[in-house]
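Student: here is my input; please provide its structure:
(one chain, ligands or ions: 2)
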Amino acid sequence: MKNAAVITYGCQMNVNESAKIKKILQNMGYNITDDISEADAVFLNTCTVREGAATQIYGKLGELKWIKEERGTIIGVTGCFAQEQGDALAKKFPMIDIVMGNQNIGKIPSAIEKIETGDLKHVIYVGDEDELPPRLDADFDSKKVASIPIGYGCNNFCTYCIVPYVRGRERSVPLLQIVDEVRVFVEKGYKEIMLLGQNVNSYGNDLDTDDNFAKLLTEICKIDGEFIVRFISPHPKDFADDVIDVIAKEEKIAKAIHLPLQSGSTRILKAMNRKYTQDEYIALAEKIKVRVPGVALTADIIVGFPGETEEDFLETLKVVEKIGFESAYMFMYSIRKGTVAATMDGQIDEKIKKERIYRLIELQNKKSKESSLKYEGNIEKVLVEGPSKKNDDVLTGRTSTNKIVLFEGDKDLEGTFVDIKINECKTWSLYGEIVGQ
Ligand code: 5AD
Ligand code: SF4
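Tutor: Ligands and ions are numbered 1, 2, ... in the order given. Okay, the predicted model is just below:
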(Lines give C-alpha, C1' and ligand atoms only; values in the text may rest on other atoms or scores of the structure.)
(Ligands and ions follow the chains in the order given, each with its own letter.)
Protein backbone atom coordinates (compact mmCIF):
# COMPACT_ATOMS: atom_id res chain seq x y z
CA MET A 1 0.00 0.00 0.00
CA LYS A 2 1.25 3.48 -0.80
CA ASN A 3 1.52 6.15 1.90
CA ALA A 4 0.83 9.86 1.68
CA ALA A 5 1.43 12.72 4.11
CA VAL A 6 -0.30 16.10 4.15
CA ILE A 7 1.41 18.90 6.06
CA THR A 8 -0.74 21.93 6.84
CA TYR A 9 0.29 25.54 7.41
CA GLY A 10 -1.91 28.53 8.18
CA CYS A 11 -5.57 29.00 8.90
CA GLN A 12 -8.65 26.84 9.50
CA MET A 13 -9.56 27.08 5.80
CA ASN A 14 -6.30 25.28 5.04
CA VAL A 15 -7.03 22.71 7.76
CA ASN A 16 -10.38 22.09 6.07
CA GLU A 17 -8.80 21.82 2.62
CA SER A 18 -6.13 19.44 3.95
CA ALA A 19 -8.92 17.19 5.24
CA LYS A 20 -10.25 17.13 1.68
CA ILE A 21 -6.82 16.43 0.18
CA LYS A 22 -6.47 13.50 2.61
CA LYS A 23 -9.82 12.11 1.50
CA ILE A 24 -8.88 12.42 -2.20
CA LEU A 25 -5.62 10.58 -1.55
CA GLN A 26 -7.42 7.87 0.44
CA ASN A 27 -9.86 7.40 -2.42
CA MET A 28 -6.85 6.89 -4.68
CA GLY A 29 -5.69 4.05 -2.41
CA TYR A 30 -3.14 5.94 -0.32
CA ASN A 31 -2.83 5.33 3.40
CA ILE A 32 -2.43 8.64 5.28
CA THR A 33 0.65 8.85 7.49
CA ASP A 34 2.34 11.48 9.66
CA ASP A 35 5.74 9.96 8.96
CA ILE A 36 7.17 11.65 5.88
CA SER A 37 10.09 9.21 5.69
CA GLU A 38 7.68 6.44 4.54
CA ALA A 39 5.57 8.63 2.26
CA ASP A 40 5.21 8.04 -1.49
CA ALA A 41 3.45 11.38 -1.86
CA VAL A 42 3.79 14.47 0.32
CA PHE A 43 1.56 17.52 0.00
CA LEU A 44 2.51 20.79 1.66
CA ASN A 45 -0.66 22.84 2.04
CA THR A 46 0.83 26.29 2.39
CA CYS A 47 0.02 29.76 3.68
CA THR A 48 1.38 33.12 2.59
CA VAL A 49 -0.42 35.52 4.89
CA ARG A 50 2.78 36.46 6.73
CA GLU A 51 6.44 36.46 5.77
CA GLY A 52 7.56 33.57 8.01
CA ALA A 53 5.43 31.12 6.05
CA ALA A 54 7.77 31.05 3.03
CA THR A 55 10.85 30.36 5.17
CA GLN A 56 9.04 27.47 6.87
CA ILE A 57 8.04 25.97 3.51
CA TYR A 58 11.58 26.27 2.10
CA GLY A 59 12.88 24.54 5.24
CA LYS A 60 10.41 21.69 4.79
CA LEU A 61 11.31 21.28 1.11
CA GLY A 62 14.96 21.00 2.19
CA GLU A 63 13.94 18.21 4.58
CA LEU A 64 12.03 16.41 1.83
CA LYS A 65 14.93 16.43 -0.63
CA TRP A 66 16.52 13.16 0.47
CA ILE A 67 13.17 11.37 0.58
CA LYS A 68 12.51 12.46 -2.97
CA GLU A 69 15.95 11.13 -3.98
CA GLU A 70 15.61 7.88 -2.05
CA ARG A 71 11.96 6.92 -2.70
CA GLY A 72 10.98 9.05 -5.69
CA THR A 73 8.27 10.57 -3.50
CA ILE A 74 5.82 12.81 -5.36
CA ILE A 75 6.00 16.31 -3.90
CA GLY A 76 2.95 18.58 -4.20
CA VAL A 77 2.60 22.13 -2.96
CA THR A 78 -0.96 23.44 -2.57
CA GLY A 79 -2.55 26.43 -0.84
CA CYS A 80 -2.02 30.17 -0.90
CA PHE A 81 1.78 30.21 -1.27
CA ALA A 82 1.50 27.83 -4.24
CA GLN A 83 -1.26 30.00 -5.69
CA GLU A 84 0.81 33.15 -5.25
CA GLN A 85 4.05 31.71 -6.67
CA GLY A 86 2.71 29.53 -9.50
CA ASP A 87 5.38 28.37 -12.00
CA ALA A 88 8.10 30.29 -10.20
CA LEU A 89 7.94 27.80 -7.35
CA ALA A 90 8.54 24.77 -9.57
CA LYS A 91 11.35 26.63 -11.34
CA LYS A 92 13.02 27.48 -8.03
CA PHE A 93 12.61 23.91 -6.69
CA PRO A 94 12.69 21.39 -9.54
CA MET A 95 11.98 18.65 -6.95
CA ILE A 96 8.35 19.88 -6.76
CA ASP A 97 6.07 17.82 -9.03
CA ILE A 98 2.74 19.56 -8.48
CA VAL A 99 1.89 23.21 -7.76
CA MET A 100 -1.80 23.75 -7.19
CA GLY A 101 -4.17 26.39 -5.83
CA ASN A 102 -6.71 25.01 -3.36
CA GLN A 103 -9.69 25.62 -5.63
CA ASN A 104 -8.08 23.02 -7.93
CA ILE A 105 -7.47 20.20 -5.45
CA GLY A 106 -10.14 18.10 -7.18
CA LYS A 107 -7.53 17.66 -9.94
CA ILE A 108 -5.00 15.94 -7.65
CA PRO A 109 -5.73 12.43 -9.03
CA SER A 110 -5.13 13.45 -12.64
CA ALA A 111 -2.03 15.45 -11.63
CA ILE A 112 -0.53 12.42 -9.85
CA GLU A 113 -1.34 10.24 -12.83
CA LYS A 114 0.43 12.64 -15.20
CA ILE A 115 3.53 12.60 -13.02
CA GLU A 116 3.48 8.81 -12.59
CA THR A 117 3.07 8.11 -16.31
CA GLY A 118 5.76 10.63 -17.14
CA ASP A 119 3.34 12.62 -19.36
CA LEU A 120 4.40 15.81 -17.62
CA LYS A 121 7.42 16.70 -15.52
CA HIS A 122 5.54 19.29 -13.47
CA VAL A 123 1.81 19.89 -13.16
CA ILE A 124 0.81 23.44 -12.36
CA TYR A 125 -2.85 24.42 -11.74
CA VAL A 126 -3.37 27.80 -10.15
CA GLY A 127 -6.30 29.30 -12.08
CA ASP A 128 -10.11 29.24 -12.08
CA GLU A 129 -10.58 31.40 -9.03
CA ASP A 130 -13.92 32.80 -10.24
CA GLU A 131 -15.66 29.49 -9.75
CA LEU A 132 -16.68 27.87 -6.50
CA PRO A 133 -14.20 25.15 -5.60
CA PRO A 134 -15.69 21.64 -5.72
CA ARG A 135 -17.44 20.53 -2.50
CA LEU A 136 -15.43 17.46 -1.66
CA ASP A 137 -15.72 14.88 1.06
CA ALA A 138 -13.26 15.36 3.90
CA ASP A 139 -11.37 13.27 6.43
CA PHE A 140 -11.15 15.41 9.58
CA ASP A 141 -8.61 14.44 12.24
CA SER A 142 -11.37 14.54 14.83
CA LYS A 143 -14.51 12.51 14.36
CA LYS A 144 -16.39 15.10 16.41
CA VAL A 145 -15.34 18.45 14.91
CA ALA A 146 -16.03 19.28 11.26
CA SER A 147 -15.60 22.50 9.32
CA ILE A 148 -17.53 23.85 6.34
CA PRO A 149 -16.55 26.76 4.09
CA ILE A 150 -19.57 29.05 3.63
CA GLY A 151 -17.76 31.31 1.23
CA TYR A 152 -14.45 31.76 -0.51
CA GLY A 153 -12.29 34.82 -1.12
CA CYS A 154 -12.54 38.37 0.16
CA ASN A 155 -13.52 41.77 -1.21
CA ASN A 156 -12.17 43.92 1.60
CA PHE A 157 -8.60 44.60 0.53
CA CYS A 158 -7.25 45.52 3.95
CA THR A 159 -4.02 47.18 2.84
CA TYR A 160 -1.68 44.73 4.63
CA CYS A 161 -3.40 41.56 3.41
CA ILE A 162 -2.52 39.26 0.52
CA VAL A 163 -5.65 37.08 0.84
CA PRO A 164 -7.86 38.88 -1.73
CA TYR A 165 -5.05 38.54 -4.29
CA VAL A 166 -4.56 34.81 -3.80
CA ARG A 167 -8.06 33.64 -2.89
CA GLY A 168 -9.94 35.92 -5.26
CA ARG A 169 -13.28 37.71 -4.83
CA GLU A 170 -15.95 36.77 -2.35
CA ARG A 171 -18.16 33.87 -3.49
CA SER A 172 -20.85 32.59 -1.11
CA VAL A 173 -21.97 28.97 -1.15
CA PRO A 174 -25.79 28.70 -1.57
CA LEU A 175 -27.59 28.54 1.79
CA LEU A 176 -29.46 25.27 1.20
CA GLN A 177 -26.24 23.53 0.21
CA ILE A 178 -24.53 24.59 3.46
CA VAL A 179 -27.54 23.57 5.57
CA ASP A 180 -27.62 20.15 3.86
CA GLU A 181 -23.92 19.64 4.50
CA VAL A 182 -24.31 20.55 8.19
CA ARG A 183 -27.21 18.06 8.43
CA VAL A 184 -25.08 15.30 6.90
CA PHE A 185 -22.22 15.99 9.35
CA VAL A 186 -24.59 16.04 12.33
CA GLU A 187 -26.13 12.75 11.17
CA LYS A 188 -22.63 11.27 10.89
CA GLY A 189 -22.09 12.15 14.57
CA TYR A 190 -20.09 15.37 14.39
CA LYS A 191 -20.82 17.51 17.45
CA GLU A 192 -19.13 20.76 16.51
CA ILE A 193 -19.52 22.50 13.18
CA MET A 194 -17.14 25.30 12.35
CA LEU A 195 -18.33 27.66 9.59
CA LEU A 196 -15.43 29.16 7.67
CA GLY A 197 -15.03 32.24 5.55
CA GLN A 198 -12.67 35.16 5.12
CA ASN A 199 -15.51 37.46 6.17
CA VAL A 200 -18.44 35.31 7.33
CA ASN A 201 -20.86 38.12 8.11
CA SER A 202 -20.85 39.47 4.58
CA TYR A 203 -22.17 36.02 3.61
CA GLY A 204 -24.76 36.29 0.87
CA ASN A 205 -23.88 39.78 -0.41
CA ASP A 206 -22.89 38.29 -3.75
CA LEU A 207 -25.95 36.01 -4.02
CA ASP A 208 -29.10 37.06 -5.86
CA THR A 209 -31.30 35.98 -2.92
CA ASP A 210 -31.91 37.82 0.35
CA ASP A 211 -29.98 35.15 2.26
CA ASN A 212 -27.54 36.54 4.82
CA PHE A 213 -25.44 35.32 7.73
CA ALA A 214 -28.20 35.69 10.34
CA LYS A 215 -30.56 33.61 8.20
CA LEU A 216 -27.89 30.98 7.59
CA LEU A 217 -27.25 30.62 11.34
CA THR A 218 -30.99 30.44 12.04
CA GLU A 219 -31.54 27.71 9.43
CA ILE A 220 -28.57 25.68 10.70
CA CYS A 221 -29.89 25.83 14.27
CA LYS A 222 -33.20 24.30 13.13
CA ILE A 223 -31.38 21.01 12.37
CA ASP A 224 -32.27 18.35 14.96
CA GLY A 225 -29.59 17.00 17.26
CA GLU A 226 -27.19 18.19 19.92
CA PHE A 227 -24.32 20.08 18.33
CA ILE A 228 -22.51 23.38 18.60
CA VAL A 229 -21.89 25.91 15.82
CA ARG A 230 -18.81 28.13 15.65
CA PHE A 231 -17.70 30.53 12.94
CA ILE A 232 -14.56 32.41 11.90
CA SER A 233 -13.98 35.18 11.05
CA PRO A 234 -16.49 38.00 11.08
CA HIS A 235 -15.47 41.56 10.16
CA PRO A 236 -16.43 44.26 12.70
CA LYS A 237 -17.71 46.55 9.92
CA ASP A 238 -20.33 43.96 8.88
CA PHE A 239 -21.55 42.83 12.31
CA ALA A 240 -25.29 43.41 11.91
CA ASP A 241 -27.61 43.47 14.93
CA ASP A 242 -29.64 40.53 13.63
CA VAL A 243 -26.51 38.35 13.83
CA ILE A 244 -25.97 39.36 17.47
CA ASP A 245 -29.64 38.54 18.17
CA VAL A 246 -29.31 35.06 16.65
CA ILE A 247 -26.14 34.33 18.64
CA ALA A 248 -27.87 35.47 21.83
CA LYS A 249 -31.01 33.44 21.15
CA GLU A 250 -29.77 30.14 19.74
CA GLU A 251 -28.37 27.73 22.29
CA LYS A 252 -26.52 25.83 19.54
CA ILE A 253 -24.31 28.81 18.69
CA ALA A 254 -21.06 29.01 20.65
CA LYS A 255 -20.74 32.01 22.92
CA ALA A 256 -17.33 32.82 21.49
CA ILE A 257 -16.75 35.53 18.93
CA HIS A 258 -13.51 36.22 17.16
CA LEU A 259 -13.58 39.93 16.38
CA PRO A 260 -10.36 40.92 14.60
CA LEU A 261 -9.21 44.31 15.91
CA GLN A 262 -5.94 44.69 13.93
CA SER A 263 -5.19 48.08 15.51
CA GLY A 264 -6.69 50.26 18.22
CA SER A 265 -5.68 53.50 16.51
CA THR A 266 -8.34 55.07 14.31
CA ARG A 267 -5.62 56.65 12.17
CA ILE A 268 -3.95 53.27 11.54
CA LEU A 269 -7.31 51.53 11.02
CA LYS A 270 -7.98 54.02 8.24
CA ALA A 271 -4.58 53.32 6.67
CA MET A 272 -5.38 49.60 6.96
CA ASN A 273 -8.72 50.21 5.13
CA ARG A 274 -10.62 48.51 7.95
CA LYS A 275 -13.62 50.87 7.71
CA TYR A 276 -14.25 51.26 11.47
CA THR A 277 -12.89 53.56 14.15
CA GLN A 278 -11.67 52.75 17.64
CA ASP A 279 -14.95 54.06 19.08
CA GLU A 280 -17.04 51.97 16.70
CA TYR A 281 -15.08 48.82 17.54
CA ILE A 282 -15.42 49.40 21.29
CA ALA A 283 -19.16 50.15 20.94
CA LEU A 284 -19.66 46.92 18.98
CA ALA A 285 -17.70 44.82 21.49
CA GLU A 286 -19.65 46.34 24.40
CA LYS A 287 -22.97 45.77 22.62
CA ILE A 288 -22.10 42.10 22.02
CA LYS A 289 -21.09 41.68 25.68
CA VAL A 290 -24.40 43.14 26.89
CA ARG A 291 -26.59 41.15 24.51
CA VAL A 292 -24.70 37.86 24.79
CA PRO A 293 -23.95 37.45 28.51
CA GLY A 294 -20.78 35.49 29.27
CA VAL A 295 -19.52 35.82 25.68
CA ALA A 296 -15.79 35.35 25.10
CA LEU A 297 -14.23 37.81 22.68
CA THR A 298 -10.93 37.11 20.96
CA ALA A 299 -9.02 39.11 18.36
CA ASP A 300 -6.22 39.35 15.82
CA ILE A 301 -3.90 42.29 16.38
CA ILE A 302 -1.05 43.61 14.24
CA VAL A 303 1.76 45.78 15.61
CA GLY A 304 4.19 47.83 13.54
CA PHE A 305 1.95 48.65 10.57
CA PRO A 306 3.65 51.33 8.43
CA GLY A 307 3.45 54.73 10.12
CA GLU A 308 2.44 53.32 13.54
CA THR A 309 3.76 55.72 16.19
CA GLU A 310 4.17 55.02 19.90
CA GLU A 311 0.88 56.94 20.42
CA ASP A 312 -0.91 54.70 17.91
CA PHE A 313 0.45 51.62 19.63
CA LEU A 314 -0.72 52.94 23.01
CA GLU A 315 -4.22 53.20 21.52
CA THR A 316 -4.03 49.45 20.71
CA LEU A 317 -2.98 48.71 24.29
CA LYS A 318 -5.85 50.88 25.50
CA VAL A 319 -8.43 48.86 23.56
CA VAL A 320 -6.90 45.56 24.73
CA GLU A 321 -7.05 46.79 28.33
CA LYS A 322 -10.63 47.99 27.95
CA ILE A 323 -12.20 45.03 26.13
CA GLY A 324 -10.39 42.22 27.95
CA PHE A 325 -10.09 39.63 25.15
CA GLU A 326 -9.95 36.03 26.40
CA SER A 327 -7.03 35.51 24.05
CA ALA A 328 -5.55 37.13 20.98
CA TYR A 329 -3.42 36.24 17.99
CA MET A 330 -0.75 38.91 17.87
CA PHE A 331 1.43 39.55 14.84
CA MET A 332 4.25 41.83 13.80
CA TYR A 333 3.36 43.46 10.50
CA SER A 334 5.16 41.82 7.60
CA ILE A 335 5.38 43.17 4.08
CA ARG A 336 3.37 41.22 1.49
CA LYS A 337 4.49 42.11 -2.02
CA GLY A 338 1.64 43.40 -4.17
CA THR A 339 -0.40 44.84 -1.27
CA VAL A 340 -0.93 48.59 -0.80
CA ALA A 341 0.87 48.72 2.57
CA ALA A 342 4.01 47.14 1.12
CA THR A 343 4.95 50.39 -0.57
CA MET A 344 3.75 52.77 2.16
CA ASP A 345 6.21 55.20 3.73
CA GLY A 346 7.14 54.80 7.36
CA GLN A 347 7.90 51.07 7.47
CA ILE A 348 8.72 50.25 11.08
CA ASP A 349 12.06 48.95 12.30
CA GLU A 350 12.02 45.25 13.31
CA LYS A 351 13.46 46.16 16.71
CA ILE A 352 10.51 48.45 17.43
CA LYS A 353 8.01 45.85 16.18
CA LYS A 354 9.55 43.27 18.53
CA GLU A 355 9.53 45.64 21.47
CA ARG A 356 5.85 46.46 20.83
CA ILE A 357 4.75 42.88 20.42
CA TYR A 358 6.42 41.90 23.70
CA ARG A 359 4.58 44.70 25.49
CA LEU A 360 1.30 43.68 23.84
CA ILE A 361 1.77 39.99 24.70
CA GLU A 362 2.53 40.89 28.31
CA LEU A 363 -0.69 42.90 28.63
CA GLN A 364 -2.77 40.27 26.80
CA ASN A 365 -1.41 37.47 29.02
CA LYS A 366 -2.49 39.47 32.05
CA LYS A 367 -5.97 39.94 30.53
CA SER A 368 -6.21 36.23 29.56
CA LYS A 369 -5.40 35.27 33.13
CA GLU A 370 -8.02 37.68 34.48
CA SER A 371 -10.68 36.36 32.10
CA SER A 372 -9.84 32.78 33.06
CA LEU A 373 -10.45 33.49 36.74
CA LYS A 374 -14.07 34.42 35.94
CA TYR A 375 -14.83 30.72 35.40
CA GLU A 376 -14.04 29.64 38.96
CA GLY A 377 -17.01 27.83 40.53
CA ASN A 378 -19.02 27.89 37.27
CA ILE A 379 -20.78 24.85 35.87
CA GLU A 380 -19.88 24.70 32.17
CA LYS A 381 -21.26 22.50 29.41
CA VAL A 382 -18.25 20.91 27.73
CA LEU A 383 -17.87 18.85 24.55
CA VAL A 384 -15.52 15.96 25.44
CA GLU A 385 -12.80 15.68 22.80
CA GLY A 386 -10.87 12.71 24.22
CA PRO A 387 -7.91 11.88 26.45
CA SER A 388 -5.50 14.77 27.07
CA LYS A 389 -2.14 14.66 25.27
CA LYS A 390 -0.11 14.51 28.47
CA ASN A 391 -2.18 12.14 30.60
CA ASP A 392 -4.38 9.30 29.34
CA ASP A 393 -6.51 9.31 32.50
CA VAL A 394 -7.50 12.92 32.03
CA LEU A 395 -10.07 14.01 29.45
CA THR A 396 -10.01 17.28 27.57
CA GLY A 397 -12.83 19.32 26.10
CA ARG A 398 -13.92 22.87 25.38
CA THR A 399 -16.59 25.15 26.77
CA SER A 400 -19.01 27.03 24.54
CA THR A 401 -16.59 29.96 24.93
CA ASN A 402 -13.79 27.76 23.52
CA LYS A 403 -11.86 27.47 26.77
CA ILE A 404 -9.95 24.20 27.27
CA VAL A 405 -11.11 22.15 30.27
CA LEU A 406 -9.33 19.15 31.83
CA PHE A 407 -11.12 16.63 34.06
CA GLU A 408 -11.15 12.97 35.03
CA GLY A 409 -13.61 10.67 33.29
CA ASP A 410 -14.25 7.61 31.19
CA LYS A 411 -12.90 7.60 27.61
CA ASP A 412 -16.36 6.52 26.41
CA LEU A 413 -17.57 10.05 27.08
CA GLU A 414 -15.69 11.23 23.99
CA GLY A 415 -18.04 13.14 21.70
CA THR A 416 -20.68 13.78 24.36
CA PHE A 417 -21.55 16.96 26.25
CA VAL A 418 -20.94 16.90 30.02
CA ASP A 419 -21.42 19.47 32.79
CA ILE A 420 -18.18 20.33 34.52
CA LYS A 421 -17.76 22.25 37.76
CA ILE A 422 -14.69 24.44 37.40
CA ASN A 423 -12.41 24.18 40.42
CA GLU A 424 -9.15 25.72 39.23
CA CYS A 425 -8.39 28.31 36.57
CA LYS A 426 -5.02 28.69 34.89
CA THR A 427 -4.38 31.19 32.08
CA TRP A 428 -4.95 28.80 29.16
CA SER A 429 -6.91 25.95 30.73
CA LEU A 430 -9.50 25.20 33.36
CA TYR A 431 -9.61 22.17 35.69
CA GLY A 432 -12.81 20.64 36.99
CA GLU A 433 -14.97 17.63 37.71
CA ILE A 434 -17.98 16.07 36.02
CA VAL A 435 -21.23 16.97 37.78
CA GLY A 436 -23.70 15.97 35.08
CA GLN A 437 -24.05 14.23 31.73
N1 5AD B 1 1.40 41.12 8.52
C2 5AD B 1 1.05 40.70 9.76
N3 5AD B 1 -0.12 40.12 10.04
C4 5AD B 1 -0.99 39.93 9.03
N5 5AD B 1 -2.22 39.39 9.01
C6 5AD B 1 -2.67 39.43 7.74
N7 5AD B 1 -1.76 40.00 6.93
C8 5AD B 1 -0.70 40.35 7.71
C9 5AD B 1 0.55 40.97 7.47
N10 5AD B 1 0.90 41.39 6.26
C11 5AD B 1 -2.90 38.88 10.19
C12 5AD B 1 -4.20 39.65 10.46
C13 5AD B 1 -5.24 38.65 10.06
C14 5AD B 1 -4.57 37.34 10.41
C15 5AD B 1 -5.15 36.14 9.76
O16 5AD B 1 -3.24 37.52 9.98
O17 5AD B 1 -4.26 39.92 11.84
O18 5AD B 1 -6.46 38.82 10.77
FE1 SF4 C 1 -7.47 39.96 4.60
FE2 SF4 C 1 -9.02 42.00 5.46
FE3 SF4 C 1 -10.05 40.10 3.82
FE4 SF4 C 1 -9.44 39.47 6.37
S5 SF4 C 1 -10.99 40.98 5.71
S6 SF4 C 1 -8.93 38.26 4.52
S7 SF4 C 1 -7.61 40.74 6.73
S8 SF4 C 1 -8.43 41.56 3.31
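
Student: how about stretch 87-98, which residues are buried there?
Tutor: 89-90, 93, 96-98 (16 or more other Cβ atoms under 10 Å). For every residue, glycine as well, the C-beta is placed using N, CA and C.

Student: so which of those comes closest to ligand 2?
Tutor: The closest of those to ligand 2 turns out to be Leu89 (Cβ to the nearest ligand atom; 21.9 Å).

Student: wait, the closest one sits on Thr78?
Tutor: No. Using Cβ atoms under 8 Å, Leu89 is not in contact with Thr78; the gap is 11.0 Å.

Student: name the strands paired with the helix or strand of the chain with the lowest mean pLDDT and say parallel or antiparallel.
Tutor: Scoring the helices and strands of the chain by mean pLDDT, DSSP states H and E places strand 123-125 at the bottom, with a mean of 86. Applying DSSP bridges, strand 123-125 is found paired with strand 98-100 (parallel).

Student: how close does Lys289 get to ligand 2?
Tutor: 23 Å (Cβ to the nearest ligand atom, to the nearest Å).

Student: for Ile422, same thing?
Tutor: In terms of Cβ to the nearest ligand atom, Ile422 sits 34 Å off from ligand 2.

Student: beta partners for that residue?
Tutor: Gly432.

Student: contacting residues around the spatially most central residue of the chain?
Tutor: Nearest residue to the geometric centre of the chain (Cα atoms, centre = their mean): Gln12, 2.8 Å. The contact partners of Gln12, by Cβ atoms under 8 Å, 6 or more residues apart in numbering, come to 147, 194, 196, 232.

Student: ok so, going back, from the chain's centre, how far out does the least confident helix or strand of the chain sit?
Tutor: Remark: strand 123-125 is offset 26 Å from the chain centroid, using Cα atoms, centre = their mean, to the nearest Å.

Student: the helix or strand that comes right after that strand close to ligand 2?
Tutor: Next helix or strand after strand 123-125 toward the C-terminus (DSSP states H and E): strand 145-149. No. Judged by Cβ under 6 Å from any ligand atom, strand 145-149 stays clear of ligand 2, getting no closer than 13.4 Å.

Student: so what's Lys237 scoring on pLDDT?
Tutor: We have a pLDDT of 97 for Lys237.

Student: report the closest residue of the stretch 151-300 of the chain relative to ligand 1.
Tutor: Nearest residue of the stretch 151-300 of the chain to ligand 1: Asp300, at 3.4 Å (Cβ to the nearest ligand atom).

Student: what residues does the least confident helix or strand of the chain touch?
Tutor: Residues contacting strand 123-125 (Cβ under 8 Å, 6+ apart): 86-87, 90, 97-101, 104, 107, 111, 114-115.

Student: any idea which of the residues you listed is closest to ligand 1?
Tutor: Gly101 (18.5 Å).

Student: ok, Gly413 - contacts?
Tutor: If you look again at residue 413, you'll see it is Leu, not Gly. So Leu413 contacts 384, 395, 434, 437 (Cβ under 8 Å, 6+ apart).

Student: change it to 10 Å
Tutor: 382, 384, 386, 395, 397, 407, 434, 437 (Cβ atoms under 10 Å, 6 or more residues apart in numbering).

Student: cool, Asp224 as well?
Tutor: By Cβ under 10 Å, 6+ apart, Asp224 lies in contact with 183, 186-187.

Student: now go through the residues you listed and say which are in helices.
Tutor: Members of those lying in helices (criterion: DSSP state H): 183, 186-187.

Student: highest neighbour count among those?
Tutor: Scoring the ones in helices among the contacts of Asp224 on neighbours with other Cβ atoms under 10 Å, the highest-scoring entry is Val186 at 18 neighbours.

Student: quick one: it and ligand 2, what's the gap?
Tutor: If you go by Cβ to the nearest ligand atom, the gap between Val186 and ligand 2 works out to 28 Å.

Student: what is the neighbour count of the residue nearest to the residue of the stretch 151-300 of the chain closest to ligand 1 when sequence neighbours are not counted?
Tutor: Leaving out its chain neighbours, the residue that sits closest to Asp300 by Cβ to Cβ, 6 or more residues apart in numbering is Pro260, at 4.2 Å. Pro260 has 20 neighbours, counted by other Cβ under 10 Å.

Student: get me the contact residues on the stretch 1-150 of the chain for ligand 1.
Tutor: Close to ligand 1, as judged by Cβ under 6 Å from any ligand atom, the stretch 1-150 of the chain has residues 49-50.

Student: quick one, phi psi at the residue nearest to Phe157 when sequence neighbours are not counted?
Tutor: Distances taken as Cβ to Cβ, 6+ apart place Pro164 nearest to Phe157, at 5.3 Å, with adjacent residues excluded. Main-chain dihedrals, Pro164, degrees, to the nearest 10: phi -60, psi -30.

Student: repeat that for Asp206.
Tutor: Per degrees, to the nearest 10, the backbone of Asp206 is at phi -90, psi 0.

Student: mind checking pLDDT for it?
Tutor: At Asp206, the pLDDT recorded in the model is 95.

Student: shouldn't it be in contact with Asn155?
Tutor: Yes. Here Asp206 reaches Asn155: they are 8.2 Å apart, a contact under Cβ atoms under 10 Å.

Student: now list whatever residues contact both of these two.
Tutor: Counting by Cβ under 10 Å, 6+ apart, the common neighbours of Asp206 and Asn155 are 169-171.

Student: next helix or strand past the longest helix along the chain?
Tutor: Longest helix of the chain, by residue count under DSSP H: helix 350-373. Per DSSP H and E, the first helix or strand lying C-terminal to helix 350-373 is strand 379-387.

Student: now do that following strand against strand 145-149, angle only.
Tutor: Angle, strand 379-387 to strand 145-149, by axes from the mean of the first three to the mean of the last three Cα atoms, to 10 degrees: 100 degrees.

Student: quick one: strand 379-387 to chain centroid distance?
Tutor: 21 Å.

Student: what sits against the residue nearest to Ala342 when sequence neighbours are not counted?
Tutor: Spatial nearest neighbour of Ala342, chain neighbours left out: Ile335 (4.8 Å); criterion: Cβ to Cβ, 6+ apart. With contact taken as Cβ under 10 Å, 6+ apart, Ile335 is in contact with 50-51, 160, 306, 341-344, 347.

Student: please name the residues that touch Glu308.
Tutor: Each residue near Glu308 by Cβ under 10 Å, 6+ apart is listed here: 263, 265, 267-268, 271, 302, 315-316, 333, 346, 348, 352-353, 356.
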